[in-house]
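**Student:** Okay, predicted coordinates and the sequence, questions at the end:
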Amino acid sequence: MSEVVVHPSRSKTEPQLPPWGILLVNPAEARQAAQISGQEGWTRHFLFHSNLHLGQSPPMFLAGPAVGAPMAVICLEKLIALGASRIIVCGWCGSLQPDLGVGELVLPTWAISEEGTSAHYPVAGKVESSVRLRQALKDSFVVKEGPIWTTDALYRETREKVVRYGQEGILAVDMECSALMQVAAFRGVELAAVLMVSDLLWQNPWQPGFQGNDFRNRSQELVADLLRCVGGLAAV
């Protein structure tokens, strides 16, 4: 393997992170988490075009937003360099299955990669999310567990692929998970994701659901519940 030029690292002025934390992909959830952490006196730190919040009781972190595989991986690499090793990702996904509706939760096990970041992190064998972290999430949330499809090209998701992947048992599509799982495997840390269904790609025409009040309320509940869940895990 060729020598890498730039390595993620922690400077003397940057915080040492605890193992447990949440990476929130979308701006809305990241803003909500920032408001909650601010009310609880968490400290705020630099994280590229994103934000990093650090709590002490229990010791955990919040980071985000980080939309798309490249930005999400940049943030994840930095979080790992600062000490993170048990990361829960919170994001959205589009459903490929008729029995998976808006507001329901998907727990990705593995992903079909159609993004350009994963290939730069070679790992032997099939990459999956952390079984241990998935179990912790299943203990706290009602989820559908299975594979997803990750793509960089939001506006190039074709009907043919939606139908084919749906028939193959792929639950949903997102823009980050395959790359995040690949990096976690490459760096030897634990990572799992919980994704809320924001739209229905299996319907023709496509049916968005992320603009509705019910979806926004469920999204806010998910962020608050995730904070409690990960806080409980971090406190053990």
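**Tutor:** Good, I have the coordinates. Numbers count the residues shown, from 1 in each chain.
**Student:** Counting neighbours, what do you get for residue 36?
**Tutor:** Counted with other Cβ atoms under 10 Å, residues neighbouring residue 36 total 16. All C-beta spots, glycine's among them, are computed from the backbone N, C-alpha and C.
**Student:** And the strand or helix carrying it, what does it pack against?
**Tutor:** Here residue 36 sits within helix 27-39, counting by DSSP states H and E. For helix 27-39, the elements it packs on are strand 20-24, strand 43-47, strand 50-56, strand 59-64, helix 213-235, judged by 3 or more Cβ pairs under 8 Å, 6 or more residues apart in numbering; DSSP states H and E.
**Student:** Contacts for that helix, please.
**Tutor:** Contact partners of helix 27-39, identified using Cβ atoms under 8 Å, 6 or more residues apart in numbering, comprise 22, 24, 44, 50-51, 53, 55, 62-65, 67, 90, 216, 219-220, 222-224, 227.
**Student:** Just the buried residues from those residues, in ChimeraX please.
**Tutor:** Buried members of those, defined by 16 or more other Cβ atoms under 10 Å, are picked up in ChimeraX with:
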select :22,24,50,51,53,55,62,63,64,65,67,90,219,222,223,227
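**Student:** which regions of this structure lie under the pLDDT threshold?
**Tutor:** 1 (pLDDT under 70).
**Student:** center of this protein, which residue is that?
**Tutor:** Centroid-nearest residue in the chain: residue 89, 2.8 Å away (criterion: Cα atoms, centre = their mean).
**Student:** wait, that residue sits on residue 184?
**Tutor:** No - the criterion here is Cβ atoms under 8 Å, and residue 89 misses it with residue 184 at 9.5 Å.
**Student:** anything in contact with each of these two?
**Tutor:** The contact lists of residue 89 and residue 184 share residue 191, where a contact means Cβ under 8 Å, 6+ apart.
**Student:** distance between the ends of stretch 9-28?
**Tutor:** End-to-end span of stretch 9-28 (Cα to Cα, to the nearest Å): 28 Å.
**Student:** Now do the contacts for residue 54.
**Tutor:** 15, 17, 42, 43, 44, 45, 61 are the contacts of residue 54 under Cβ under 8 Å, 6+ apart.
**Student:** hmm, try it at 10 Å
**Tutor:** 15-18, 21, 37, 42-45, 60-63, 82 (Cβ atoms under 10 Å, 6 or more residues apart in numbering).
**Student:** what's the answer for residue 174, then?
**Tutor:** Taking Cβ under 10 Å, 6+ apart, one finds 25, 69, 89, 91-94, 106, 108, 111, 115, 148-151, 154, 180, 193, 195, 198 in contact with residue 174.
**Student:** Narrow those to those that are buried.
**Tutor:** Looks like those have 25, 69, 89, 91-94, 106, 108, 111, 115, 148-151, 180, 193, 195, 198 buried, using 16+ other Cβ under 10 Å.
**Student:** Thanks again, I'm all set now.
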